[in-house]
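Asks: Below is the sequence, then the predicted model.
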Amino acid sequence: MPPAARLLLFALAFLCALPAVGAAPGFLHIHADRPGPTISPMLYGIFFEEINMAGDGGLYAELVRNRSLEDAETPDHWTLLPGGGALAVDTSQPINATNPRSLKLTAPDPVSGRVAVANEGYWGIALEKGHRYDLSLDLRAGDGFTGLLDVTLEGADGQRYAHATISDLTGDWKRHTLTLTASATDPKARLVFAITRPGALWLDNVSLFPQETFKGRENGLRPDLAEKLAALKPAFVRFPGGCWVEGDQLKFATRWKR
């Protein structure tokens, strides 16, 4: 169809959609004394669809983004801070076959200052003054590394809200846990790991979790969101929901046995 003809058809359709000049107003009559069919409360429910950070970065209370380094072959959402050193995703000695990637932080010899990497979570790590946050991560050190790992919760300008150190670093993967208490409220904080001696460290499965969760459940949901969902009193939860039941590709579909 020629462009001029398409334009004419569009104009006619638009004009037809306009109300007629002088047309009588419409009325909607509601008969409140005539209730309709009764709908079972069992038919009211909610569904969950993992898009637009509905789970990670949303309902799930985890504060670290790309915590197991499996999002990409590059260290997405991990940033090397000014001060030298190198940062890379490494696959040379994985924790297991299903988690092949880890984060390698390397400090030169000699070190001037600190070599640090930061994770800013989902558009910032939201801290609240006086609240406690549980940190857990897997670590291993390169041959000859004799330093400590400094852990801080920091503001964008480097102000410290919490600090701790991790020692007992060996060449084998080891799980470490500690609790950090925020000294200030900051919705745009970041989690920083730093070394001040030459060598290399590998990090994996890094988790920062608020102790305050929905119903106090460990590794649970954000209370501000989950409480609103619970207030709806849904009779069921559909999961997966929407179009993500099949995933981008068949291999990414939700498999309960896996």
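Replies: Good, I have the coordinates.
Asks: Can you name the element that comes right after the lowest-mean-pLDDT helix or strand in the chain?
Replies: Lowest by mean pLDDT, DSSP states H and E among the helices and strands of the chain is helix 3-17, with a mean of 63. With elements assigned by DSSP states H and E, the helix or strand that comes after helix 3-17 is strand 46-47.
Asks: Now do that next one: distance to the chain's middle.
Replies: 20 Å (Cα atoms, centre = their mean, to the nearest Å).
Asks: Parallel or antiparallel, which strands does that strand pair with?
Replies: Strand 46-47 sits in its sheet next to strand 237-238 (parallel), going by DSSP bridges.
Asks: This protein: strands as residue ranges?
Replies: 46-47, 78-80, 86-90, 102-107, 115-119, 125-127, 132-141, 149-154, 160-166, 174-181, 186-195, 199-210, 237-238 (DSSP state E).
Asks: quick one, what contacts the most centrally placed residue in the chain?
Replies: The chain has residue 57 as the residue nearest its centroid, 3.0 Å off, counting by Cα atoms, centre = their mean. For residue 57, the contact set (Cβ atoms under 8 Å, 6 or more residues apart in numbering) comprises 65, 121-123. All C-beta spots, glycine's among them, are computed from the backbone N, C-alpha and C.
Asks: Neighbours of the closest residue to residue 183 other than its chain neighbours, how many?
Replies: In space, and not counting its chain neighbours, residue 183 is closest to residue 161: 5.0 Å by Cβ to Cβ, 6 or more residues apart in numbering. Around residue 161 there are 21 other residues, counting by other Cβ atoms under 10 Å.
Asks: Out of the strands of the chain, which is closest to residue 258?
Replies: Closest to residue 258 of those is strand 199-210 (Cβ to Cβ; 18.0 Å).
Asks: mind saving the C-alpha coords of the closest one as CSV?
Replies: What follows is strand 199-210, C-alpha atoms only, in CSV (Å, rounded to 0.1, in the frame of the first residue of the first chain):
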residue,chain,number,x,y,z
GLY,A,199,50.4,-11.7,46.2
ALA,A,200,47.0,-13.1,45.1
LEU,A,201,43.7,-14.0,46.7
TRP,A,202,40.7,-15.7,45.2
LEU,A,203,37.2,-15.0,46.4
ASP,A,204,33.9,-16.9,45.7
ASN,A,205,30.4,-17.3,46.9
VAL,A,206,30.5,-13.8,48.6
SER,A,207,27.3,-13.1,50.5
LEU,A,208,26.3,-10.1,52.6
PHE,A,209,22.9,-10.7,54.3
PRO,A,210,20.9,-8.5,56.7
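Asks: Could you tell me the angle between that strand and strand 186-195?
Replies: 150 degrees (axes from the mean of the first three to the mean of the last three Cα atoms, to 10 degrees).
Asks: List the strands paired with strand 199-210, with their directions.
Replies: strand 102-107 (antiparallel), strand 132-141 (antiparallel).
Asks: now, which of the contacts of residue 57 sits nearest residue 91?
Replies: For these, the nearest to residue 91 is residue 65 (20.2 Å; Cβ to Cβ).
Asks: any low-confidence regions in this protein?
Replies: 1-22, 242-247 (pLDDT under 70).
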